[in-house]
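Chemist: pasting the sequence and the predicted model now:
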Amino acid sequence: MGKFPFNLLLVAITLLNSSVTFRPVEFKLQTIVIDPGHGGKDPGTMGKKSKEKDVALKISLKLGAYIEKNFPDVKVIYTRKDDKYVALDERAEIANRNKAQLFICIHANSLPGAPAHGTETFVMGLHKDKGNFEVAKRENSVILMDENYQERYEGFDPKSPESYILFTLSQSAYQESSLRFAQKVENQFKTKAGRFSRGVKQAGFLVLWKTSMPSVLIETGFLSQGKEESFLLSDEGQDLIASGIYRAFKEYKTEIESIN
């Protein structure tokens, strides 16, 4: 009599362990942070008629509206929804605190005196050419506006190439997912939005380095180029950019949720 219940217990434990071991964990992309670059006292780069902070905010709000309308189950969080200054470490902290599963940083580019144009999407990594380093250096230099920036950013100097060595010590666990999403963004720009894609690139952006989820920084065009500046200032241009990023998000969400 004593062995019978014990055997039943063993069977129950075995079944329970089997169900725990083989039951797939269902992943849902439920929280996204959209980060409009610059803001407030930090205008970002400037065109003849535009400021990067304004272009980035308008595109970001349009992107968020697309996601909120079509995916009401996805929580959309903005690092800013108006013209205010938010430090780089605070932007990352907003994403980390809310356990976001995707971080999208929206910017606009500039290269005065050159005919540069087109979009490029960056993921966290080591810059492989001087151009990528210059973009990262410009975007990271905003930390000089922050009080106690040397303490807050652990002695990081955005102008010093040596400072970027620290990025080689921490390969992001989310790089593959970040690259996957970035490629979808640039593909949408090229095939659906009719934009010239400069491709997916890697560089040492502080805001991406401090986030704990797949993260990208999107340069939506060059405000230093007259035609692109007009495009990015127009409602149609902003809609094309925002809808391209939205479609990439939709593809990415569907794809990663199916890998369960």
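Modeler: On my side now, so go ahead.

Chemist: and the helices in this structure?
Modeler: 3-22, 52-70, 88-97, 130-140, 149-152, 175-191, 206-209, 226-233, 235-258 (DSSP state H).

Chemist: any idea which of the ones you listed scores lowest on pLDDT?
Modeler: Of all the helices of the chain, the minimum mean pLDDT falls on helix 3-22 (a mean of 51).

Chemist: how about the helices of the chain, which one is nearest Pro161?
Modeler: With CB to CB as the measure, helix 130-140 is the member of the helices of the chain nearest Pro161 (7.3 Å). Using the backbone N, CA and C atoms, a C-beta is placed for each residue, glycine as well.

Chemist: check which helices and strands that closest one sits against.
Modeler: strand 119-124, strand 197-203 (3 or more CB pairs under 8 Å, 6 or more residues apart in numbering; DSSP states H and E).

Chemist: who touches the last one?
Modeler: Same thing as strand 197-203. Contacts to strand 197-203, defined as CB atoms under 8 Å, 6 or more residues apart in numbering, come from residues 118-128, 132-133, 135-136, 179, 182-183, 186-187, 189-190.

Chemist: same deal with the first one?
Modeler: Under the contact criterion CB under 8 Å, 6+ apart, strand 119-124 has outside partners 109, 132, 135-136, 167, 172, 175, 178-179, 182, 185-186, 189, 195-205, 208-209, 215-221, 241.

Chemist: ok, now which ones touch Ala242?
Modeler: Remark: with contacts taken as CB under 8 Å, 6+ apart, Ala242 is in contact with 59-60, 62-63, 65-66.

Chemist: any of the residues you listed buried? List them.
Modeler: 59-60, 62-63, 66 (16 or more other CB atoms under 10 Å).

Chemist: distance-wise, check Ala116 relative to Val74.
Modeler: Using CB to CB, to the nearest Å, Ala116 is found at 34 Å from Val74.

Chemist: then Lys58?
Modeler: Look at Lys58 and Val74: by CB to CB, they are 21 Å apart.

Chemist: equivalent analysis for Arg138, please.
Modeler: 31 Å.
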